[in-house]
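Q: turn this into a structure:
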Amino acid sequence: MFAWLRRTLSTTRRLVVVAVVAVLVLGGLAFFVFSQPSVTAVNNQFGNVTDETTAIESELTVQNPNPVGAQLGGITVDYAIDMNGIRMANGTKDGVSIPKGESTVPMTTQLSNERIPPWWVSHIRNDERTTLAVNADVHSSTLGASFGAPKVTREINTDIISAFNSTENRPVGESPSGGPILVIRETSAQWGTVDTEATRIDMRFVVHNPNSYPVPISELSYRAEMNGIEMGNGATEDKGVIPPGETRTIEATTTLNNGRIDEWWVSHLQNEQTTDLRIDFAARVELPTGTVEIPLDPITYTRTIETDIFGNKADDAANESATNSTATPTPSGDDGSSGESTPTDDGLLDDGTATPTPTDDEQTETATPTPTPTDDGLLDDGTATPTPTDDEQTETATPTPTPTDDGLLSVGARPVAPCLGSQQRLSVA
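A: Down below sits the predicted model:
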């Protein structure tokens with residue numbers, strides 16, 4: 001009886017040892033046979049934009065060196081976008097299958113537009129600088145391991161209010177004697193206090209009175225529009241007097257309502273990341289003949305701001321131009337040869353101007369640029385490169401579109417200072 005029991009236990013132990021060894025062997029084989037895939041590129045672009053959300057269309061390029069696909073255990077992809085450490089969007093995609101070789105994994109993440117005002121505050125507080133970070137992590141249940149994509153970071157710098165700075169003499173109004181009522185000799189602006197509720201801009205006007213009588217200023221007002229949306233208006237409440245022949249400094253603080261920054265964001269993206277900014281100023285003065293409202297047209301501020309948040313705007317424009325271009329026939333040369341048609345860019349290049357077809361009599365044809373496929377993403381500038389023509393051809397090359405960095409989410413960007421609801425304080429030094 002005891003001998004039988006000992007034999008049974010011995011057999012059981014041998015089976016357990018064999019099973020453990022088999023598991024270890026199979027695990028080792030899996031480790032050596034199945035190499036770890038890698039994410040080689042991360043590309044992003046904006047999708048549908050509504051009043052509440054902004055869709056970000058992402059594409060991960062995955063290189064799977066294994067001889068078979070990684071469908072067995074499935075793939076999970078985690079994705080996140082941060083701006084100045086603020087989580088703007090994140091998402092997870094489960095059950096992804098990766099075939100052998102190179103493939104792409106599309107993802108859509110939703111950015112809540114409520115995150116735009118906090119980002120705006122951080123951007124202004126950080127001297128108009130934003131660090132954009134894109135993080136992706138891929139987990140394979142087959143391999144029991146995670147492999148992350150290269151962390152993508154992008155430095156965004158803007159310069160919004162320095163354009164207010166000017167030392168140009170600008171006469172405004174017309175006095176009864178025929179000369180200007182006032183001469184604005186200098187304007188400047190700098191950021192004031194910024195918090196979750198408001199952004200304050202401290203403005204300074206150096207004003208000269210060229211007349212023989214004092215000019216009291218009872219009100220200084222402004223009205224701001226961005227993409228046709230009235231973002232704010234305000235006026236001073238105090239009075240100041242500029243003596244005859246003297247110069248005074250007028251200081252005003254403009255308060256912007258940060259609660260409407262997200263509304264500007266929507267219009268900016270819906271307008272292909274472009275904003276038309278206009279700020280009109282006016283002054284109410286007391287003259288010997290009565291009260292006069294003076295439009296300060298010489299200091300009206302107008303500017304077109306373009307951004308390139310993910311660094312692929314020029315690529316998108318080039319691709320759309322190549323797809324939707326209109327063929328323009330090239331005039332025939334003196335030898336009677338017929339020139340080839342050249343697709344126009346339909347105004348989609350950086351300067352928004354279609355490239356005209358040259359009409360030189362010596363030209364035989366105009367080369368058609370062939371856009372190079374781009375990654376539409378953050379990993380490179382994605383500049384489309386035209387295909388060179390033969391040396392014997394006379395040509396006018398279409399300029400290569402260069403990604404602009406004039407925006408909130410691109411390098412060296414120039415985003416708009418959304419002038420929202422405001423109040424001003426006037427003082428005369």
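
Q: which residues are contacting stretch 115-127?
A: Here stretch 115-127 makes contact (CB atoms under 8 Å, 6 or more residues apart in numbering) with 83-89, 129-130, 156, 158, 191, 194-196, 199, 258-259, 261-262, 265, 408. Yep, even glycine has a C-beta here, placed from its N, CA and C like the rest.

Q: list the ones among the residues you listed that fall in helices.
A: Ile261, Asp262, Trp265 (DSSP state H).

Q: which parts of the stretch 51-200 of the chain are helices?
A: All helices of the stretch 51-200 of the chain, identified by DSSP state H, counting those that start in this stretch, fall at 116-125.

Q: related to what we said a few turns ago, dump the ones in helices among the contacts of stretch 115-127 into a markdown table; add pLDDT, distance to Ile299 and neighbour count as well.
A: Below are the ones in helices among the contacts of stretch 115-127 laid out as a markdown table (pLDDT from 0 to 100; distance: CB to CB, whole Å; neighbours: other CB atoms under 10 Å):
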| residue | pLDDT | distance to Ile299 | neighbour count |
| --- | --- | --- | --- |
| Ile261 | 89 | 25 | 21 |
| Asp262 | 91 | 29 | 20 |
| Trp265 | 93 | 27 | 24 |
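
Q: can I get those residues in CSV with distance to Thr247?
A: Output for the ones in helices among the contacts of stretch 115-127, formatted as CSV (distance: CB to CB, whole Å):
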residue, distance to Thr247
Ile261, 36
Asp262, 41
Trp265, 40
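
Q: below-threshold pLDDT in the chain: ranges please.
A: 1-35, 68-73, 142-143, 239, 314-429 (pLDDT under 70).

Q: domain map for this structure?
A: Under the assignment automatic domain parsing, the domains of the chain span 38-157, 162-310+413-428.

Q: pick the one among the ones in helices among the contacts of stretch 115-127 closest to Val292.
A: Among those, Ile261 lies closest to Val292 (CB to CB), at 35.6 Å.

Q: look up how far Ile305 lies from that closest one.
A: 14 Å (CB to CB, to the nearest Å).

Q: what of Gly148?
A: 35 Å.

Q: tell me which of the two has more neighbours.
A: Ile305 (22 against 13; other CB atoms under 10 Å).

Q: can I get the one helix or strand the more buried one maps to as PDB, trimmed to CA atoms?
A: Ile305 is part of strand 301-306, with elements assigned from DSSP states H and E. In PDB, the C-alpha atoms belonging to strand 301-306 read as follows (Å, rounded to 0.1, in the frame of the first residue of the first chain):
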ATOM      1  CA  TYR A 301      -5.100  96.800 -35.400                       C
ATOM      2  CA  THR A 302      -5.700  94.200 -38.100                       C
ATOM      3  CA  ARG A 303      -3.900  91.000 -38.500                       C
ATOM      4  CA  THR A 304      -4.300  87.500 -40.100                       C
ATOM      5  CA  ILE A 305      -3.000  84.800 -37.800                       C
ATOM      6  CA  GLU A 306      -2.300  81.200 -39.000                       C
END
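
Q: give the buried residues for it.
A: For strand 301-306, burial by neighbour count (16 or more other CB atoms under 10 Å) applies to Tyr301, Arg303, Ile305, Glu306.
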